[in-house]
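**Q** fold the following, please.
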Amino acid sequence: LPIGWSAKLLAVDGSVMADVGRQLNRLPADATHLVVSIGGNDALGVSSVLNAPSRSVADTLLRLAEVREQFCLEYMSTLDAVLAVGLPTAICSIYDVRYADPDQRRIAVTALSILNDCITRAAAVRGVPLIDLRIICGEDADFVNAIEPSEQGGKKIAAAIVSFLTKYEFRSGRAELIVR
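**A** Residues are numbered from 1 along each chain as shown. Have a look, this model is predicted:
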């Protein structure tokens, strides 16, 4: 961060959207901006749908639609609570997982694109910038395991956050995609 700036990490490993209210209660009184990355653990929580037996493609798509609809409702509600704080805010997409098995990776990335669509739409509808972690952490070396960024990935994410903090016009009310 630029000299004189500071950051406070309020996230707790394993947290889901339902935990955001408690995290906001720990927000420092002198906070000036928020960067919110939510939904990844919620996605993990419903990932069993990917291995569920199915009678048809349509049956599978209907199950995924139910997951998407519930995710979108929770996401919009949580984002509204975050925005009610009244601070300039950026949201993050859910990064693509790095499973070792190529088929498992393809399935998970495809399913995550359905949930990331909710996040992209939320950014557009609410007029907030979106830090796209799928693009920022686009290399296997950006991950220490299938779902956690490495030091390299963390540096890329931090650089994107600094870009948001130093270059975004907060009064514009425009959604903007941040990819580096």
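
**Q** low-confidence stretches in this structure?
**A** 171-172 (pLDDT under 70).

**Q** in it, which helix is the longest?
**A** Longest among the helix segments of the chain by residue count, using DSSP state H, is helix 57-83.

**Q** buried sites along that one?
**A** Buried residues in helix 57-83, counting neighbours by 16 or more other Cβ atoms under 10 Å, are found at 64, 67-68, 71-72, 74-76, 78-79, 82-83. To be clear about C-beta, it is placed using only N, CA and C from the backbone, and glycine gets the same treatment.

**Q** same check, this time on stretch 129-147
**A** Quick answer for stretch 129-147 (16+ other Cβ under 10 Å): 129-137, 142-143, 147.

**Q** and for stretch 100-111?
**A** The neighbour-count criterion (16+ other Cβ under 10 Å) identifies 107-109, 111 as the buried residues of stretch 100-111.

**Q** for the residues you listed, which one is nearest Ala100?
**A** Set against Ala100, the nearest of the buried residues of stretch 100-111 by Cβ to Cβ is Ala108 (11.7 Å).

**Q** just to revisit the earlier point, name the next helix or strand downstream of the longest helix of the chain, please.
**A** Following helix 57-83 in sequence order, the next helix or strand is strand 89-92 (DSSP states H and E).

**Q** parallel or antiparallel, list what pairs with that following strand.
**A** Each strand that pairs with strand 89-92, with its direction, by DSSP bridges: strand 34-36 (parallel), strand 130-131 (parallel).

**Q** and which of the buried residues of stretch 129-147 is nearest to Ser6?
**A** Ile131 (19.3 Å).

**Q** contacts for stretch 81-94?
**A** Contacts of stretch 81-94 from elsewhere in the structure, counted by Cβ atoms under 8 Å, 6 or more residues apart in numbering, are 20-21, 24, 27, 31-40, 43, 79, 112, 115-116, 119-120, 122-123, 126, 128-134, 161, 164, 168, 170, 178.

**Q** 6 Å instead?
**A** Identification of contacts with stretch 81-94 by Cβ atoms under 6 Å, 6 or more residues apart in numbering yields 33-37, 39-40, 112, 116, 119, 123, 128-134, 164, 170.

**Q** run the chain-centre distance for it.
**A** Relative to the centre of its chain, stretch 81-94 is centred 11 Å away, using Cα atoms, centre = their mean, to the nearest Å.

**Q** list the buried ones in it?
**A** Residues 82-83, 88-94 are the ones in stretch 81-94 that count as buried (16+ other Cβ under 10 Å).

**Q** helices of the chain, start to end?
**A** Secondary structure of the chain by DSSP H: the helices cover 20-25, 40-45, 57-83, 102-126, 133-136, 151-167.

**Q** one step back: which among the contacts of stretch 81-94 count as buried?
**A** Neighbour counting with 16+ other Cβ under 10 Å marks 34-37, 39-40, 112, 116, 119, 123, 128-134, 164 as buried within the contacts of stretch 81-94.
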